[in-house]
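J.: whatever this is, show me its structure:
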Amino acid sequence: MGYRELATRPVLVWALVAVGARLPVAMAPLALVFLVRERPGGYAVGAGLAAAYVIGEVVGAAVLGPWLKPERARGHLAVGLAVGACAFAGLGFLLDAHVLVLGALAVLAGAAPAAAPGGLRTLLTSQLPEALVVEALSAESVLTSVVWAAAPALAGVLALSLAPSLPLLLAAVLMAAAAAGLWAQPAGWMVDADDREGVSMARTLVRAWPIYVTGGAAMSLLALAELVLPALLEQRAIGVGWAGPLLAGFSIASAAGAALYGLRGTWPGSLRTQSLVLLLAVAGCVAVVAAADSLPWIAGALLVAGQLAAGVQVTRALSLREALPPSAYAAAYSVMYAATGVGYAASATLVGAVQSVASPSVAVLAGVAFALLLIATSALGELRALRQAKDLSAVAKGDAVSEPEAADFERL
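T.: This next block holds a predicted model:
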């Protein structure tokens with residue numbers, strides 16, 4: 001099967017809903033900066049509002065995602081999107097309000113719809129045969145890359161050319177439209193009763209912690225590309241204006257990489273091995289960006305990193321599906337979303353601290369070292385899980401331990 005089989009009315013409607021839900025999220029940080037930039041200390045206040053928004057996203061995804069009920073997911077997602085739309089509208093209409101009011105609205109705008117990415121992904125795959133899941137997740141990654149490539153330009157044009165509040169008001173309209181569009185989607189998805197017996201959702205989700213760590217590592221590398229690139233270009237005596245085109249090229253390459261991954265369908269090695277190799281390659285590309293002293297090398301490394309990063313995104317989602325029962329998919333996607341936010345914030349904090357005492361290139365290399373530490377932690381966790389699985393298999397077969405020892409193991 002291929003992408004042609006995805007061109008159905010339900011999938012196209014889903015894509016419109018996904019754009020309505022995700023474009024506001026992609027515009028929000030920059031839109032919040034533009035909203036208050038003319039106030040005293042505007043950029044610092046804007047950065048604080050953007051940080052509050054991201055904190056809301058992380059907390060909302062971690063709390064609301066596991067709370068999502070498969071059979072009634074549509075209603076829960078619609079309520080979250082509607083509340084998020086109201087919060088965005090409040091930010092747009094109350095732009096002169098006290099900063100604490102704006103901060104509270106920013107947290108609510110981030111938290112309320114935070115279960116939507118994971119819920120929408122599960123709604124998509126639940127409507128498709130298993131043979132189309134790889135293509136569907138790749139197509140979703142393409143859509144996400146396009147949205148994130150267009151959002152900063154859209155927010156900038158609207159805020160600077162028309163009105164500072166317009167990006168947030170547009171976000172409110174889009175999110176409200178997504179909430180309404182959800183009613184053209186299934187009410188939820190079915191799961192086997194056996195999937196939810198015996199183990200709590202929290203314990204089920206914890207089993208996949210190495211995969212969440214890879215999500216944090218991948219997003220920490222993206223933070224390096226986004227946050228330090230302008231300063232790095234200035235250090236290399238390259239026009240800072242190249243930062244925008246280079247990041248747009250990164251997003252376009254990511255979309256192309258996601259499409260390529262789904263086009264082939266199957267790749268050598270296990271999903272988790274693929275993710276590990278791709279992550280290491282992305283880290284290598286970012287290190288090249290830090291060391292390169294010419295624009296062609298920086299551009300080439302970012303383009304390759306974008307292509308490889310798309311494969312990381314798809315393999316993470318597929319790895320979660322492989323590691324967890326269907327009843328936990330939406331919750332796991334939301335926890336992954338939270339983990340990526342934590343990875344981004346941690347990397348941003350680290351490179352900000354390093355940049356205050358060292359050059360931008362050193363800050364990037366410090367960020368790469370942090371990402372490699374996360375990657376190593378994830379790999380060790382995977383190895384430990386594999387050993388435990390082999391031990392359990394040996395116990396079940398009676399090959400590795402004696403019968404008394406097996407009985408003791410079962411009592412534990």
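J.: who's in contact with residue 322?
T.: residue 271 (Cβ atoms under 8 Å, 6 or more residues apart in numbering). For glycine as for every other residue, the C-beta is placed from the backbone atoms N, C-alpha and C.
J.: after the helix or strand containing it, next one along is what?
T.: Using DSSP states H and E, residue 322 sits within helix 295-323. Downstream of helix 295-323, the next assigned helix or strand under DSSP H and E is helix 329-355.
J.: can you state the direction angle for that following helix and helix 295-323?
T.: Here helix 329-355 runs at an angle of 150 degrees relative to helix 295-323 (axes from the mean of the first three to the mean of the last three Cα atoms, to 10 degrees).
J.: what's the longest helix in this structure?
T.: Secondary structure of the chain per DSSP state H: the longest helix is helix 360-397.
J.: so which bits of the helix holding residue 322 are buried?
T.: 298-321, 323 (16 or more other Cβ atoms under 10 Å).
J.: same check on stretch 252-260?
T.: Neighbour count says stretch 252-260 has 252-259 buried, by 16+ other Cβ under 10 Å.
J.: in helices only, show me those residues.
T.: Per DSSP H, the subset of those in helices is 252-259.
J.: off-centre distance for the helix holding residue 322?
T.: 12 Å (Cα atoms, centre = their mean, to the nearest Å).
J.: cool, and stretch 240-247?
T.: Centroid separation for stretch 240-247 versus its chain: 22 Å, with Cα atoms, centre = their mean.
J.: then stretch 325-332?
T.: 16 Å.
J.: same check on stretch 111-128?
T.: That offset, for stretch 111-128, works out to 12 Å (Cα atoms, centre = their mean).
J.: residue 174: which of the buried residues of stretch 252-260 is nearest?
T.: residue 255 (20.0 Å; Cβ to Cβ).
J.: just give the closest residue to the closest one, not the sequence neighbours.
T.: Of all residues not flanking residue 255 in the chain, residue 145 sits nearest, at 3.8 Å (Cβ to Cβ, 6 or more residues apart in numbering).
J.: need the three-state assignment for the one you found.
T.: State at residue 145, reduced to three classes by DSSP: H, G, I helix; E, B strand; the rest coil: helix.
J.: quick one, what contacts it?
T.: 251-252, 254-255, 258, 310.
J.: per-residue pLDDT, it?
T.: Residue 145 is assigned 84 on the pLDDT scale.
J.: same question for residue 18.
T.: So residue 18 comes in at 93 (pLDDT).
J.: try residue 177
T.: Here, the pLDDT recorded for residue 177 equals 95.
J.: same for the helix or strand containing it, what does it pack against?
T.: Per DSSP H and E: residue 177 is located in helix 166-181. Counting contacts by 3 or more Cβ pairs under 8 Å, 6 or more residues apart in numbering; DSSP states H and E, helix 166-181 packs against helix 9-36, helix 73-93, helix 133-161.
J.: could those go into a markdown table alongside distance to residue 369?
T.: Output for these, formatted as a markdown table (distance: least, Cβ to Cβ, whole Å):
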| stretch | distance to residue 369 |
| --- | --- |
| helix 9-36 | 25 |
| helix 73-93 | 36 |
| helix 133-161 | 26 |
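J.: tell me which of those approaches residue 115 most closely.
T.: helix 73-93 (5.8 Å).
J.: what's that closest one packed up against?
T.: Short answer (3+ Cβ pairs under 8 Å, 6+ apart): helix 73-93 packs on helix 9-36, helix 42-67, helix 99-111, helix 116-126, helix 166-181.
J.: change it to 6 Å
T.: helix 99-111, helix 116-126, helix 166-181 (3 or more Cβ pairs under 6 Å, 6 or more residues apart in numbering; DSSP states H and E).
J.: among those, show the one with the smallest mean pLDDT.
T.: The bottom spot among the helices and strands packed on helix 73-93, by mean pLDDT, belongs to helix 116-126, with a mean of 88.
J.: only the buried residues of that helix, if you could.
T.: Under 16+ other Cβ under 10 Å, the buried positions of helix 116-126 are 116-126.
J.: what of stretch 322-332?
T.: Buried, per 16+ other Cβ under 10 Å, within stretch 322-332: 323-332.
J.: point out where the stretch 201-350 of the chain drops to low pLDDT.
T.: The model of the stretch 201-350 of the chain has pLDDT under 70 over residues 265.
J.: quick one: stretch 355-371 to chain centroid distance?
T.: 23 Å.
J.: again, but for stretch 131-145
T.: 14 Å.
J.: circling back to that earlier point, tell me the one of the buried residues of stretch 322-332 nearest residue 169?
T.: residue 330 (29.5 Å).
J.: pretty sure that closest one sits against residue 122.
T.: Yes. Using Cβ atoms under 6 Å, residue 330 makes contact with residue 122 at a distance of 4.2 Å.
J.: from residue 111, how far off is the most centrally placed residue in the chain?
T.: Centrality entry for the chain: nearest residue to the mean C-alpha point is residue 337, 4.8 Å, by Cα atoms, centre = their mean. Relative to residue 111, residue 337 is positioned 12 Å away (Cβ to Cβ, to the nearest Å).
J.: about what we covered before: and the helices and strands packed on helix 73-93 as a markdown table, adding distance to residue 247?
T.: Formatted as a markdown table, the helices and strands packed on helix 73-93 follow (distance: least, Cβ to Cβ, whole Å):
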| stretch | distance to residue 247 |
| --- | --- |
| helix 99-111 | 22 |
| helix 116-126 | 21 |
| helix 166-181 | 18 |
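J.: let me see the contact set for the closest residue to residue 307 other than its chain neighbours.
T.: Nearest residue to residue 307, sequence neighbours excluded (Cβ to Cβ, 6+ apart): residue 257, at 3.4 Å. Applying Cβ atoms under 6 Å, 6 or more residues apart in numbering to residue 257 gives the contacts 307, 310-311.
J.: nearest to residue 151 among those residues?
T.: residue 310 (17.2 Å).
J.: test my guess that the closest one contacts residue 256.
T.: No. In this structure residue 310 lies outside contact range of residue 256 using Cβ under 6 Å: 7.7 Å.
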